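Take this sequence and fold it.
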Amino acid sequence: MLAEYLPTLLFLIVAGGIGVALLVVGRLLGPQRPSVEKLAPYECGFGAFEDARMQFDVRYYLIAILFIVFDLEIAFVFPWALVFRELGVFGLIEMGVFLALLVIGFVYVWKKGALEWE
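The predicted model follows:
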């Protein structure tokens with residue numbers, strides 16, 4: 001039974017070996033001329049002016065979560081649209097309930113002011 005996993009193990013060994021070999025070859029043959037500019041942290045072309053571990057506003061995370069929610073909505077709507085004819089009226093009602101819940105959530109978030117960036 002373990003013999004069935006031999007090709008997968010062989011693939012992992014070869015892939016890992018190639019990855020390590022490329023890193024070693026790049027380190028050995030690549031140019032090694034560090035300068036102050038190359039070793040400085042890059043931040044949009046400007047010098048760093050704050051600590052990298054500064055705290056972000058909670059609204060940033062809220063907007064990110066809302067984006068993921070509405071992005072996942074589209075991920076559910078596309079497959080539904082492909083099989084719409086096979087699902088019939090039941091599928092239409094189910095998707096209507098799903099979209100209605102999302103609209104209610106969107107209106108709630110909008111009324112709470114979570115989408116305001118001040």
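
Now do the strands in the chain.
Using DSSP state E, the chain contains no strands.

Where do the helices of it begin and end?
Counting by DSSP state H, one finds helices in the chain at the ranges 6-29, 36-39, 58-82, 84-112.

now the ones you listed in CSV, with mean pLDDT and mean neighbour count?
C-beta: built from backbone N, CA, C; applies to glycine. Listed next are the helices of the chain as CSV, based on pLDDT from 0 to 100; neighbours: other CB atoms under 10 Å:
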stretch, mean pLDDT, mean neighbour count
helix 6-29, 96, 10
helix 36-39, 74, 7
helix 58-82, 83, 11
helix 84-112, 90, 11
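
Could you list which residues are in contact with Ile104?
Neighbour list for Ile104: empty [criterion: CB atoms under 8 Å, 6 or more residues apart in numbering].

separation between it and Ile68?
18 Å (CB to CB, to the nearest Å).

again, but for Trp110
Taken as CB to CB, the span from Trp110 to Ile68 is 17 Å.

cool, and Val77?
In terms of CB to CB, Val77 sits 15 Å off from Ile68.

and what of Leu115?
Leu115 is 15 Å from Ile68, by CB to CB.

any idea of the pLDDT on the residue of the chain most remote from its centre?
What lies farthest from the middle of the chain is Met1; by CA atoms, centre = their mean that is 36.9 Å. Here the pLDDT value assigned to Met1 is 78.

ok, now the one 3 residues further on?
Looking at Glu4, its pLDDT is 90.

Run a quick neighbour tally on it.
Glu4 has 7 neighbours, counted by other CB atoms under 10 Å.

So which residue is dead centre in this protein?
Going by CA atoms, centre = their mean for the chain, the residue that ends up nearest the centre is Ile68, at 8.8 Å.

mind checking how far stretch 4-23 is from the chain centre?
Between the centre of stretch 4-23 and the centre of its chain there are 27 Å (CA atoms, centre = their mean, to the nearest Å).

swap in stretch 24-38?
30 Å.

Okay, now it: how far is its last residue from its first?
Start and end residues of stretch 24-38 are separated by 21 Å (CA to CA, to the nearest Å).

Report the separation between Thr8 and Ile74.
34 Å.

Next one: the residue nearest to the centre of the chain relative to Ile93, how far apart?
Ile68 is 26 Å from Ile93, by CB to CB.
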